[in-house]
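Asks: Here is my input; please provide its structure:
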Amino acid sequence: MCPSPLLEARDLRVTLPGDVGPVAVLDGVSLTVPGGEVVDVIGPSGSGKSTLLRTLARLLPGAQGTLLLDGQPAEAIEPHAWRCRVALLPQKAAIVPGTVRDNLVLPWSLKARVHETAPADAELRAALDRVNLGDVDLDRDADRLSVGQAARIALTRVVLAAPEVLLLDEPDANLDDASAEQVRRMTEAFAAAGGGVVRVRHQRSDELAARRLHLEGGTLGEVAS
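Replies: Got it, this is the predicted structure:
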């Protein structure tokens, strides 16, 4: 018997304003994300890939359809708790003013984690070392980070918060080859530890993805291997 998916979406529907009237960006989209797998969603620009991720993260209140996390319906999980367990990383790294340390512990400044203890410096240091950022000090001004460093730190911050599912919006876009490879390794390690990953890409995929789905015209379909 196949295990239950970690994240499941059924019949997702999102309609947004268009130039000549409402547009069905998601028109009955369904997908499953097992633990331990990377699922890639590809498609042309403007096809709704980012909208799909925002819907999976419960960031679009008008979205219709059914979402389940580890078999539990979304309605039974508070939105803030859902977003702790299903974490969205936007394409543009969200780096706040302050130090690298400030950015890494940012999730623990939010109300949803008010009763949790932020990782100690030793854990933060080890996390940076694992993604080849050994030369980046925790006290470095975040404004001095390169694009590739900022992307790795943003992903490290999300992984440190221990979600069950990662939603990655073109995580290696505009990165140099070395930074893109580090992001790929971080994604691989997250999935290997049992996490589920939905990774939006533009028109290409790689061997890390267990499945590839194509989104266009509001519909999502399997891409043949």
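
Asks: contacts, neighbours, all on C-alpha from now
Replies: Fine.

Asks: doesn't A9 make contact with G28?
Replies: No - taking contacts as C-alpha atoms under 8 Å, G28 lies outside contact range of A9: 9.8 Å.

Asks: can you tell me how far the residue nearest the centre of the chain sits from A122?
Replies: The centroid of the chain falls nearest to L167 when counting by C-alpha atoms, centre = their mean (2.1 Å). Taking C-alpha to C-alpha, to the nearest Å as the measure, L167 falls 27 Å from A122.

Asks: and what of S47?
Replies: From S47 to A122 the distance is 42 Å (C-alpha to C-alpha).

Asks: what residue ranges in the chain score low on pLDDT?
Replies: Within the chain, the segments meeting pLDDT under 70 span 1-4, 203-205, 225.

Asks: all helices for it, in order.
Replies: Taking DSSP state H as the test, the helices found in the chain are 49-56, 79-85, 100-104, 121-130, 147-160, 177-192.

Asks: out of these, nearest to Q64?
Replies: Nearest to Q64 among those is helix 49-56; the distance by C-alpha to C-alpha comes to 9.0 Å.

Asks: Off-centre distance for the closest one?
Replies: 10 Å (C-alpha atoms, centre = their mean, to the nearest Å).

Asks: go on, stretch 75-89?
Replies: The gap between the average C-alpha position of stretch 75-89 and the chain average comes to 12 Å, counting by C-alpha atoms, centre = their mean.

Asks: and the residue nearest to P163 when sequence neighbours are not counted, how far is that from R10?
Replies: In space, and not counting its chain neighbours, P163 is closest to R85: 4.3 Å by C-alpha to C-alpha, 6 or more residues apart in numbering. In this view, R85 and R10 are 19 Å apart by C-alpha to C-alpha.

Asks: again with E207
Replies: 26 Å.

Asks: And R130, by the same measure?
Replies: To R10, R130 is 37 Å away according to C-alpha to C-alpha.

Asks: same question, G65
Replies: Distance from G65 to R10, by C-alpha to C-alpha: 6 Å.

Asks: and E37, what does it touch?
Replies: Shown here is E37, whose contacts under the criterion C-alpha atoms under 8 Å, 6 or more residues apart in numbering are A191, A192, G194, G195, G196, V197, A209, A210.

Asks: Quick check: chain neighbours aside, which residue is closest to L69?
Replies: L7 (4.7 Å).

Asks: Let me see the contact set for G48.
Replies: Contacts of G48 (C-alpha under 8 Å, 6+ apart): V25, L26, L215, E216, G218.

Asks: Repeat the analysis, applying 10 Å as the threshold.
Replies: By C-alpha atoms under 10 Å, 6 or more residues apart in numbering, the contact list for G48 reads V14, A24, V25, L26, I42, R54, L215, E216, G217, G218, T219.

Asks: how many other residues sit next to the first one?
Replies: By that I understand V14. Look at V14: counted by other C-alpha atoms under 10 Å, it has 23 neighbours.

Asks: Check A120 too.
Replies: The burial count for A120: 10, using other C-alpha under 10 Å.
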